[in-house]
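# got a predicted structure here, sequence first:
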Amino acid sequence: MTVKWLLLADFANVDGTGKLNIIGEFSNLRVAALPVTHSFMSVVAKMCFSAAEAGRTINVELKLTDLDGAVVMHVGPVQIGTPAEAIDARLIEIPFVINIQNLEFKKSGPYGLSFMVNEDEKAHRTIEVFLAE
C-alpha cells in the first residue's frame, strides 16, 4: 500500500461515480492575527493498493503537529475497506477525503500533517502559517 499524493484543499469530495473533485489546493496560510481559526479545509489523499491487498480493511489516521511536536489535531482511526477485486487486476486506487472544520493555529511556522495507515506513516505534508505584514 502506498499513498500516491497527499494535499490540502479549500474543498474536496468524491461524487457518486467515484470521481474526485478538488478545489483550491494550498500549503500556506497567510493570516492577519494569531491565533486564527481556519473555518474549513479538506485533507485529500490517493491511496494505491496491489491486487493482493484487495478485500482488506485498513485504519487511517491524520495527525497535525506544530514545530514543537505538540499535536494540534488528530483524526481517527477511520476504517476503510478496499474493494474485493482490483478493476484491472493490478492496482486499486482509492481517493480519501476528510473535511476539517474550525482548526485553530496558535502560532506561525511550519505544521506537519502525517497520514498514517495501520499506525505507519505513509505520507507527510508541511503547512506553513505566515503572519501577514
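Happy to help now that I have it.

# quick check: end-to-end length of stretch 41-60?
Start and end residues of stretch 41-60 are separated by 18 Å (Cα to Cα, to the nearest Å).

# now do the buried residues in that stretch.
M41, S42, V43, V44, A45, K46, M47, F49, A54, I58, V60 (16 or more other Cβ atoms under 10 Å). For the C-beta atoms, the positions are set from N, CA and C on the backbone; glycine is no exception.

# tell me where the chain is predicted with low confidence.
Low-confidence segments of the chain (pLDDT under 70): 85-90.

# which residues of it fall in strands?
2-14, 20-26, 28-31, 36-50, 57-65, 71-81, 91-105, 109-117, 120-131 (DSSP state E).

# let me know the closest of the buried residues of stretch 41-60 to S108.
M41 (17.3 Å; Cβ to Cβ).

# can you give me the end-to-end span of stretch 51-60?
19 Å.

# okay, which residue of this structure is out on the far edge from center?
Farthest-out residue of the chain from its mean C-alpha position, per Cα atoms, centre = their mean: E133, at 29.1 Å.
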